[in-house]
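> how does the following fold in three dimensions:
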Amino acid sequence: MSSAVQPSDGPIETLPPKVEWKYRKATDIGCGALYLAGLFVWFAVGFAFLGMAKPVFTTDEAGMITGYTDVIKEEARDCCAFLEAQTDTSDLEYNEGGSMCWMTGDRRHLHVEEAAGGYMGRRFLSGSGNFPYDGGMLDVFAVHPHVAFVMIFGVIAIAVGWIFFLRSFAKTVVWTCEFVKVIALGYLGFKANHNVVFYAMALAYCVYLFCFRKKLNFAATIIAHSAKGLKENPRMLPGLLVLKAFYVIQALAFIQFFSKSMEVKTVEAVQRPRYDWESGLSCSVGGYTCEWDMDYGSTNADHCSNNGGYCDYASNGETVECELMEPSWVGSARWYIMFFWLWSIMWYSTARLTFISQIIGSWHFHPQDTPGVMTALKTCCTSSFGTISFGSLICAIVEQFYKWARLKWYHFIPPLVFMIGPLKIALCILAWCFKTCIKMLTKFSIIIHAFTGLPFIGSAKKCFQIMKRHFVGGFITETSSVAIMKIFSLVMSLTFCFSTWAWVDDLFGWTTLPGASDDLLWILWTILAVFNIFYPLIGLFFITLLDKLMTSITGSSPDDDSDPDFWVSPLCAMFVGCIAKLFFDYMGGIILDTIDVMFMCFAIDKDNNVDLSKSEFSAIIVDLPGVMKTANPNQDANASLLVQTATPAPVAAGQFVNTGTNQPQGMVQQFAAPGTGMQMQQMNMQPMQMVDANGQPMQMMQQPMMMVDANGQPIQMVQPMFQQQMVAGQAPTPL
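All right, here's what the predicted structure looks like:
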């Protein structure tokens, strides 16, 4: 370790330049227990979906839906038999001929024959004849589960290969990936019947690469230095793949649980209000009117809605019908599955950061004393489990808050755009700033925890003190490298999105892919896909809500022109694209986490006044706008800003070492074993060459030095020479 310069006004409160990885105590145990309990419930609910799911549709060899399965028909038979055995009353009617028990002409009784004439009980077939009107995105995955699994496995293979090559050929891979994006967009344009939109996107991306080539080169340099840390620690990759494997397993379980939740159906006798459609609308309060006065200047003061009521058709009793229903608990359970999956995504990202922090931090501070892969993984799953759960829960809550505050499409529709639009935009901006600050503070607090073993709150306090001394505003990020990773994951995710879109269209004979028809609705779907995939966590929730909304609209009136064909494929594609984005973000996060750990190492080294004058990373980041350009407040103002690792490089005996600027250079002397003393090497005495007054050489041999006293007599100045033995309690021995 190099010696630290003592500040003039006392030491600052900081951390020592080391990673405490050997002796750690469990922290934030309560939050860890909460996560484990939630994980147990998550699997319990998921396996309940698997156990209660039943096949709903029958399909032909081409995968087209042909009707209901025998299981559903059997339930319909029992329900209809129950209705037939009941007796109607004045207020309650048992409709044996409604919904799934209806049998007239081309609409057949389900428990007697197959559905025919485009009718499957309560579910009519769409215009294409092979998809139910009230079907949705998840019905596609229920009928063709291989679509999601094939795409996700393709994403996994590409994401792992990307990081593997980036570790060894960082700059080459960065630029190669940029050109691959252009080629991918061009290929999509070619496959979509030479669609000009994809060609335009490829051209626009080429312009982007040209205009921002300097920033891309700088980002490539940062990424290359980050990849150097991975290359110098090759044992990290197996550990990261272990974390990735558990992430993949839970992701596949989530997809399976989520898709199977759509098959938890049962035929039930449902009691609904019976309305008198011929009597017209009536107000729920008083005798107010339900008709609007359209005359100019009319205030409609006597309208029902202006007097605290609502207009509806008059009810004349209740009707009981057999319908294919989803149990009431399924909707809430599905939302729990989604939220805990969000928490799990954050947990795996935080565990990855903790693992990387231990390895890279130890390699930076004391490369001769670093934890093994299994030790680092064990720390993540034991002593640090609670703190990781704490940090990931904060990130999950922040994501949920941002989802709530985010702008929705209906905020841009008059009059909302003039009334709450500005307030919503301001709230969205504040939510984005809040999300960015909290997630960044959480990230660097986790790094401090990985270094010290402190609980989350203690780590957060230390983190903010250190960060605000060295980075403007207390936060730092390298936007260029982040942009490269984000854009790569976005473009690759969009590629898988459009591939899924084309596949689903082909399976059901639809033509909704951009360029496949003259319908311009694909422009809206493309914009929506880019937005949702860019924010995949929010996108998954939004897509699910939109799927339920569209299903309720198109499934409520099968005799109208409404048809799910135009929106099912895009939503399926967005769902796969969001999952793909999460995978690419996770793998790209390995590089970004390494950069963040290096930022923290830089700050801690600078706090400890370690000389970083030859640090390659410090020389790179010193030009970033967020890095403080001055020395520490308690240092000499002329102290060096840059810092080098505190551990001196090992040197061999006889090797010349540089002791610093304007300092004498020395040769390292070889020391004996402890207790044997310092052994002086034998000196080869050579004659000293001098010249006399005439320029003739004088040979000064190894002779006693002669001097004269006051009387002119010679004095011999030869003293015994001692061989110094550095052993306690032993007198020096004369030679």
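
> would residue 291 count as being in a helix?
No - applying DSSP: H, G, I helix; E, B strand; the rest coil, one finds residue 291 to be coil, outside a helix.

> that one: how many residues sit nearby?
Residues lying near residue 291 (other C-beta atoms under 10 Å) number 12. For the C-beta atoms, the positions are set from N, CA and C on the backbone; glycine is no exception.

> can you check residue 310 too?
Neighbours of residue 310 under the rule other C-beta under 10 Å: 11.

> where's it relative to residue 512, distance?
As defined by C-beta to C-beta, to the nearest Å, residue 310 lies at a distance of 37 Å from residue 512.

> is it true that residue 56 touches residue 142?
Yes - with contacts counted by C-beta atoms under 8 Å, residue 56 reaches residue 142, the gap being 7.2 Å.

> which neighbours do those two share?
Common contact partners of residue 56 and residue 142 (C-beta atoms under 8 Å, 6 or more residues apart in numbering): residue 263.

> who's more crowded, those two?
Higher neighbour count among residue 56 and residue 142: residue 56, with 22 against 19, using other C-beta under 10 Å.

> give me the phi and psi for that one.
phi -100, psi -40 (degrees, to the nearest 10).

> how about it, what does it touch?
Listed by C-beta under 8 Å, 6+ apart, the contact set of residue 56 reads 68-69, 72, 142, 263, 265, 324.

> could I get these as TSV with secondary structure and pLDDT?
Below are these laid out as TSV (DSSP: H, G, I helix; E, B strand; the rest coil; pLDDT from 0 to 100):
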residue	secondary structure	pLDDT
68	strand	79
69	coil	83
72	helix	84
142	helix	74
263	coil	84
265	coil	87
324	strand	83
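
> now a PyMOL select for only the buried ones of those residues.
A single PyMOL command selects the buried members of the contacts of residue 56 (16 or more other C-beta atoms under 10 Å):
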select buried, resi 68+72+142+263+265+324
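
> flag every buried residue along stretch 525-538.
The neighbour-count check on stretch 525-538 (16+ other C-beta under 10 Å) flags 525-526, 528-529, 531-538 as buried.

> oops, could you answer that again for stretch 79-98 instead?
Residues of stretch 79-98 classed as buried under the neighbour-count rule (16+ other C-beta under 10 Å) are 79-80, 83, 93-96, 98.

> could you pull out the helices for the stretch 401-550 of the chain?
416-419, 421-452, 456-470, 479-508, 521-534, 536-555 (DSSP state H, counting those that start in this stretch).

> go through the ones you listed and name the closest to residue 219.
Smallest distance to residue 219 across these (C-beta to C-beta): 3.4 Å, for helix 479-508.

> and the angle for that closest one with helix 536-555?
Angle of helix 479-508 versus helix 536-555, following axes from the mean of the first three to the mean of the last three C-alpha atoms, to 10 degrees, is 30 degrees.

> so which helix or strand takes in residue 67?
Under the criterion of DSSP states H and E, residue 67 resides in strand 65-68.

> phi, psi for the closest residue in space to residue 268 that isn't next to it in sequence please.
Spatial nearest neighbour of residue 268, chain neighbours left out: residue 325 (4.8 Å); criterion: C-beta to C-beta, 6 or more residues apart in numbering. Main-chain dihedrals, residue 325, degrees, to the nearest 10: phi -120, psi 160.

> surely residue 325 touches residue 272?
No - counting by C-beta under 8 Å, residue 325 stays clear of residue 272, with 11.5 Å between them.

> returning to that earlier point: pull up the pairing partners for the strand holding residue 67, direction included.
Looking at strand 65-68 with DSSP bridges, its partner strands are strand 57-59 (antiparallel).

> what about residue 608, how many residues nearby?
By other C-beta under 10 Å, neighbour count at residue 608 equals 22.

> repeat for residue 422
For residue 422, using other C-beta under 10 Å, the count is 11.

> circling back to that earlier point, which of the buried residues of stretch 79-98 fall in helices?
Cross-referencing those against helices under DSSP state H gives 79-80, 83.

> just put the residues you listed in JSON lines and tack on pLDDT and distance to residue 435.
Conversion of these to JSON lines gives the following (pLDDT from 0 to 100; distance: C-beta to C-beta, whole Å):
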{"residue": "79", "pLDDT": "86", "distance to residue 435": "48"}
{"residue": "80", "pLDDT": "85", "distance to residue 435": "53"}
{"residue": "83", "pLDDT": "84", "distance to residue 435": "53"}
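
> ok, those residues vs residue 187, which is closest?
For these, the minimum distance to residue 187 (C-beta to C-beta) is 51.3 Å, reached by residue 79.

> how about residue 20: what's its closest non-neighbour residue?
Residue 20 sits nearest to residue 453 (C-beta to C-beta, 6+ apart), 5.2 Å away.

> same check, this time on residue 344
Closest residue in space to residue 344, ignoring its immediate chain neighbours: residue 250 at 5.7 Å, by C-beta to C-beta, 6+ apart.

> who touches the residue nearest to residue 364 when sequence neighbours are not counted in this structure?
Among residues not flanking residue 364 along the chain, residue 601 sits closest, at 4.6 Å (C-beta to C-beta, 6+ apart). Residues near residue 601 by C-beta under 8 Å, 6+ apart: 17, 360-361, 364-365.

> ok, residue 308 next?
The neighbours of residue 308, taking C-beta under 8 Å, 6+ apart as the test, are residue 285.

> and the nearest residue to residue 544 once chain neighbours are set aside, what element?
Once flanking residues are discounted, residue 544 sits nearest to residue 338: 7.0 Å by C-beta to C-beta, 6+ apart. Secondary structure assignment for residue 338, by DSSP H and E: helix 328-365.

> next secondary structure after that helix?
Downstream of helix 328-365, the next assigned helix or strand under DSSP H and E is helix 373-381.

> where does the stretch 451-600 of the chain dip in pLDDT?
Within the stretch 451-600 of the chain, the set of residues satisfying pLDDT under 70 comprises 472-480, 514-520, 552-564.

> hmm, try it at 50
Residue ranges of the stretch 451-600 of the chain with pLDDT under 50: 474, 556-561.

> same check, this time on the stretch 601-735 of the chain
Where the stretch 601-735 of the chain drops to pLDDT under 50, the residues are 633-649, 654-685, 702, 718-735.

> helix/strand/coil for residue 272?
For residue 272, the assignment made with three-state DSSP gives strand.

> can you count the residues close to it?
11.

> quick one: it and residue 315 touch, right?
No - in this structure, residue 272 is not within contact of residue 315 by C-beta under 8 Å, at 10.1 Å.

> turn the buried residues of stretch 525-538 into CSV, including distance to residue 233.
Below are these laid out as CSV (distance: C-beta to C-beta, whole Å):
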residue, distance to residue 233
525, 44
526, 41
528, 41
529, 38
531, 37
532, 36
533, 32
534, 32
535, 32
536, 29
537, 30
538, 34
